[in-house]
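Engineer: Generate coordinates for the sequence data below:
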Amino acid sequence: MKKWVFLLIFAICLGVTALKIVPFFQGEKVVIDENGIVDGQLSSGNIKKVEIPVEQIYQGNLLLVNSNHPVHDEGIKSDIINLIDARQGLIKGYGLYNGVTYLSEDIESKFSDMVLDAEKDGVSSFLITSGFRTLDEQTKLYQEMGPNRALPAGYSEHNLGLSLDVGSTQGMMEVAPEGKWIAENAWQYGFTLRYPADKTNITGIMNEPWHIRYVGLPHSAIMKEKNFVLEEYLVYLKEQKYISATVNGQKYEVFYYPVTENITINVPANLRYEVSGNNVDGVIVTVFPDNV
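Structural biologist: Modelled structure (predicted):
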C-alpha cells in the first residue's frame, strides 16, 4: 500500500513538472490548399469567409522593411500626428528630444501605456528621439549621415510609422535604466527590439538598443521567447503556417497564407482578428481571445 501511494505521488510530481516545462506556445501543421485556404475550421468555432486583396501584402503591423523590402504607400500608417501639437491631451510618461516629432497616434498610445507602467517600477526618464519620417526627411538624413549610419528613403522602418527611437535623460540606452527596462519588458506591450547586437548578421543593422518596433501580441511574445528578429519570425510563420500561443493565460491563433492574387480565407465569425501582410509574399491572420 505504501509503495502504491509513493508511486502515485511520484506520478503526480512528474505530471506537474511536465506542465511547467510545456512552452507557452505550440506550432502545429495544418493543410493549406493551392489557393492558400486552411483545410477545416478554425479551432475558435464558427467561421466566415473574407476576400483578401493582393494589396494586403503591403499593409499591417508585421511588414518587413529592410534593405531588400522597401515601404509601399499602402503600408504607411494613416494616423500620423505631430506629438508637440497634441502634447496637452496626449503625451504622458515621456518627453520629446526634438520640437517636431511625428508618430502614429495608435503607436503613441501604446508606447505611452508602456512607459506609464515603467514608472510604477521607478523607471521614468524616457524620451522619444525620433518617430515617423517622410521619404524626403529620410533622404536628407541619408545624405547627411551616409550609408553606414542611415538607410535610403523607403528602406527604413521610420518611414512606416510603426517604429520609434527611445532615449533616456539618464544616459545612453545601453546602460540607462530605461534601456534595460525596455529590453526586458517591451514585448508585453507588443513592441520588439528590432536591431539587437546578436542579430546584426541577419538584420544588416548595428546594435540599436533605442530602436523599437510595434508588431503586437502575441507576436512580440513569441519573438521574445524564441529570440527571433522580424526576419526570422516571418520565416518561421511561413514554415509553420499555423501556431497557437497562450500569453498571460489568453490563447491566440496565428495563420500564414501565401498570396499571389486575391484569395478567400476563413476567419472567425465571433472573434476579433487582424490581417497583416509581410511585405513580401503573404499575409498573417491573428485571431484574438474573446476578451481581448
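Engineer: Would you state the strands of this structure in chain order?
Structural biologist: Using DSSP state E, the strands of the chain run over 25-27, 47-52, 80-82, 94-96, 102-104, 126-130, 163-168, 191-195, 208-214, 242-247, 250-258, 263-268, 273-277, 282-287.
Engineer: Just send those strands back as CSV, with mean neighbour count and distance to residue 184 too.
Structural biologist: Bear in mind the C-beta positions are built from the backbone N, C-alpha and C, glycine included. Formatted as CSV, the strands of the chain follow (neighbours: other C-beta atoms under 10 Å; distance: least, C-beta to C-beta, whole Å):
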stretch, mean neighbour count, distance to residue 184
strand 25-27, 15, 19
strand 47-52, 13, 36
strand 80-82, 16, 29
strand 94-96, 18, 18
strand 102-104, 23, 23
strand 126-130, 22, 14
strand 163-168, 23, 14
strand 191-195, 23, 10
strand 208-214, 23, 12
strand 242-247, 19, 16
strand 250-258, 20, 21
strand 263-268, 18, 33
strand 273-277, 19, 26
strand 282-287, 22, 24
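Engineer: Make a markdown table out of those and add mean pLDDT and distance to residue 115.
Structural biologist: Shown next, in a markdown table, are these (pLDDT from 0 to 100; distance: least, C-beta to C-beta, whole Å):
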| stretch | mean pLDDT | distance to residue 115 |
| --- | --- | --- |
| strand 25-27 | 38 | 27 |
| strand 47-52 | 92 | 35 |
| strand 80-82 | 93 | 17 |
| strand 94-96 | 90 | 5 |
| strand 102-104 | 94 | 13 |
| strand 126-130 | 95 | 5 |
| strand 163-168 | 97 | 9 |
| strand 191-195 | 98 | 11 |
| strand 208-214 | 97 | 11 |
| strand 242-247 | 96 | 21 |
| strand 250-258 | 96 | 23 |
| strand 263-268 | 91 | 33 |
| strand 273-277 | 97 | 24 |
| strand 282-287 | 97 | 24 |
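Engineer: mind putting those in CSV, distance to residue 226 included?
Structural biologist: Output for these, formatted as CSV (distance: least, C-beta to C-beta, whole Å):
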stretch, distance to residue 226
strand 25-27, 9
strand 47-52, 27
strand 80-82, 31
strand 94-96, 29
strand 102-104, 26
strand 126-130, 27
strand 163-168, 21
strand 191-195, 12
strand 208-214, 16
strand 242-247, 11
strand 250-258, 13
strand 263-268, 25
strand 273-277, 19
strand 282-287, 16
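Engineer: surely residue 110 meets residue 189?
Structural biologist: Yes. At 6.0 Å, residue 110 counts as touching residue 189 under the criterion of C-beta atoms under 8 Å.
Engineer: wait, what's in contact with residue 124?
Structural biologist: Counting by C-beta atoms under 8 Å, 6 or more residues apart in numbering, residue 124 touches 93, 115, 118.
Engineer: rewinding a little: residue 110 and residue 189: who's more crowded?
Structural biologist: Shown here are residue 110 and residue 189; by other C-beta atoms under 10 Å, residue 189 has more neighbours (19 against 14).
Engineer: In this structure the more buried one contacts residue 114, no?
Structural biologist: Yes. Shown here, residue 189 and residue 114 form a contact pair, counting by C-beta under 8 Å, at 4.1 Å.
Engineer: That's all I had, so thanks and see you.
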